[in-house]
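**Student:** 3D model of this:
(chains A and B)
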Amino acid sequence: MIKVRKLIKRFGLKPVLRGLDFDVAQGEFVALLGPNGAGKTTFLRILASLAKPTLGEVWISGYRLPQQAPLVRRTLGVVSHQPLLYGDLTAEENLRFYGRMYDLPDLQMRVEEGLNIVGLYERRRDLVRQFSRGMQQRLAIARAILHDPGLLLFDEPHTGLDQDAAAMLDGVLQDVAAKGRTVVMTSHDLARSAGLASRIDILSKGVIAASVSGSQLDPVHLPGLYRSVTHD
Amino acid sequence: MTENAPERKALERVGTQPINWRQRFKSYLRALSAIVWKDLAAELRSRELVGAMLVFALIVVLIFNFALELDLRTRGTITAGVLWVTFSFAGTLGLNRSMSIEKDRGCLDGLLLAPVDRSAIYFGKVLGNLIFMMIVEAIMLPTYSILYNVNLFQPGLLAIILLGSIGYTVVGTLLSSMAVQARTRDILLPILLFPVVLPVLISAVKASTGILQGFEWTEIMPWLNMLIAYDVIFTAVAFMVFDYVVEE
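**Tutor:** Numbers count the residues shown, from 1 in each chain, chains lettered A, B, ... in the order given. Below you'll find the predicted structure:
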């Protein structure tokens, strides 16, 4: 689903990603961890076609970025720590707007389905600016899955959420991932990532410094591994 | 270019890929109209943008009214200048706000993620900004007419105001998309915009003055032609460069 080879990204003279290799198979849930400034958001923005790589190859769903960006955009949904929603529109209007941007058929049905999945159907006619941060993030997920993408990119979706809202978001994330979608999520929360993901990659100094999956996803041993990788 | 054909099956789930040019054009128009609808619906609720433009425009006209004690003859020569100063200053406020709304909550990224030609986003924003500017103009023209006792409801003048507003918003929307990326966006936009839009303002003022003072059309036409040429050239330039302007 995702293949990245020798990815380099520089801002001016400052290198952020330094020859990063990354592979994700169809249906995998990969959590990308790393300290602040490691390049997680930059990497996710490149995968989302919102930023261009300086050097290297990025393939998504068999299409190359940035050359085939419009085709890639059809296959992915993005949730960032900002909701990408308009505060002066209702929840339903926001989804209808994005549905029209994607030229989706059966839009009303999709909008209602999306609102039901994230538990906001009853609040569909409320303005988004009246929503709590947790509700806005849930609506952002409904927006991201509206066009039924095969790949979901989450950039620190739990930022600013309290425990209850974060737990509710986890449930929604698990639901949308369970439908065979591929998910890449950046996070700072080791325990939460271990509970959600099928694989954890640790990004440090612009490369994937460690990758753990299966039985290695142990919340007890992960902090030690994380420290040893990121504090070198 | 396709590396792995089976992975393209993921695309079939989307089911939205335009099949031909007609369908692609319809998708383009749908995205464009969605942006215009979104801007109007949000503004109808908040009334932030047009409200601010209108208050500012009224203040400018009132200041001119009290600052310049003018006889009837002089009034005819400065009306066009006062009008275009008012429209362009108020327009800058609107352009800044219109793009800030997109940037502040990350909505610009949401637009850029849509699988639509990015010029649809640009033209959607241009149309929205043009509508807001024309609402302000529609209110300011009768206000000005009453204050200065000048008849501004002449078809020629209205056509020039439309052409000038198009040129202003075409360039203004492009430059505000650029300025919004900077921390100093509020002060950056006027600095970028006014030098570029100067030909529009000069030709609009000259043509408007010609109409108000009853000049022959042969004297007005060169300014009108310049206005039309500017609109066409900058629409084409913006169409070509918008993608690069919003690229990170």
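**Student:** next helix or strand past the helix of greatest length in chain A?
**Tutor:** Secondary structure of chain A per DSSP state H: the longest helix is helix A:163-177. Next along the chain after helix A:163-177, taking DSSP states H and E as the criterion, comes strand A:182-187.
**Student:** Tell me the strands beside that next one, with direction?
**Tutor:** strand A:29-33 (parallel), strand A:151-155 (parallel) (DSSP bridges).
**Student:** can I get these in CSV with mean pLDDT?
**Tutor:** Formatted as CSV, the strands paired with strand A:182-187 follow (pLDDT from 0 to 100):
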stretch, mean pLDDT
strand A:29-33, 93
strand A:151-155, 93
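**Student:** could I get those as a markdown table with distance to residue B:110 and mean neighbour count?
**Tutor:** Yep, even glycine has a C-beta here, placed from its N, CA and C like the rest. Converted to a markdown table, the strands paired with strand A:182-187 look like this (distance: least, Cβ to Cβ, whole Å; neighbours: other Cβ atoms under 10 Å in any protein chain shown):
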| stretch | distance to residue B:110 | mean neighbour count |
| --- | --- | --- |
| strand A:29-33 | 21 | 25 |
| strand A:151-155 | 13 | 25 |
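**Student:** how deep is whichever residue of chain A sits closest to chain B tucked in, by neighbour count?
**Tutor:** Residue of chain A nearest chain B, by Cβ to the nearest Cβ: residue A:82 (3.2 Å). By other Cβ atoms under 10 Å in any protein chain shown, 18 other residues sit near residue A:82.
**Student:** I'd like the strands paired with strand A:182-187 laid out as JSON lines, including distance to residue B:69.
**Tutor:** Output for the strands paired with strand A:182-187, formatted as JSON lines (distance: least, Cβ to Cβ, whole Å):
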{"stretch": "strand A:29-33", "distance to residue B:69": "68"}
{"stretch": "strand A:151-155", "distance to residue B:69": "60"}
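**Student:** Could you point out the helix or strand that follows the lengthiest helix in chain B?
**Tutor:** Looking across chain B with DSSP H, the single longest helix is helix B:72-104. Counting by DSSP H and E, the next helix or strand C-terminal to helix B:72-104 is helix B:107-112.
**Student:** Backbone dihedrals for the spatially most central residue of chain B, please?
**Tutor:** With distances taken as Cα atoms, centre = their mean, residue B:169 lies nearest the centre of chain B, 2.0 Å away. The phi and psi values for residue B:169, taken as degrees, to the nearest 10, are phi -80, psi -30.
**Student:** Which part of chain B gets nearest to chain A, residue-wise?
**Tutor:** residue B:106 (3.2 Å).
**Student:** and the closest residue to that residue other than its chain neighbours, backbone torsions?
**Tutor:** Closest residue in space to residue B:106, ignoring its immediate chain neighbours: residue A:82 at 3.2 Å, by Cβ to Cβ, 6 or more residues apart in numbering or on different chains. Main-chain dihedrals, residue A:82, degrees, to the nearest 10: phi -90, psi 140.
**Student:** thought residue A:82 was touching residue B:103?
**Tutor:** No - assessed by Cβ atoms under 8 Å, residue A:82 is found out of contact with residue B:103, at 9.9 Å.
**Student:** Residue A:80 contacts residue B:105, doesn't it?
**Tutor:** No - under the contact definition of Cβ under 8 Å, residue A:80 does not touch residue B:105, with a separation of 10.3 Å.
**Student:** The two: which is more packed in?
**Tutor:** Between residue A:80 and residue B:105, residue A:80 has the larger neighbour count (other Cβ under 10 Å), namely 24 against 19.
**Student:** Can you pull out the low-pLDDT segments for chain A?
**Tutor:** A:232 (pLDDT under 70).
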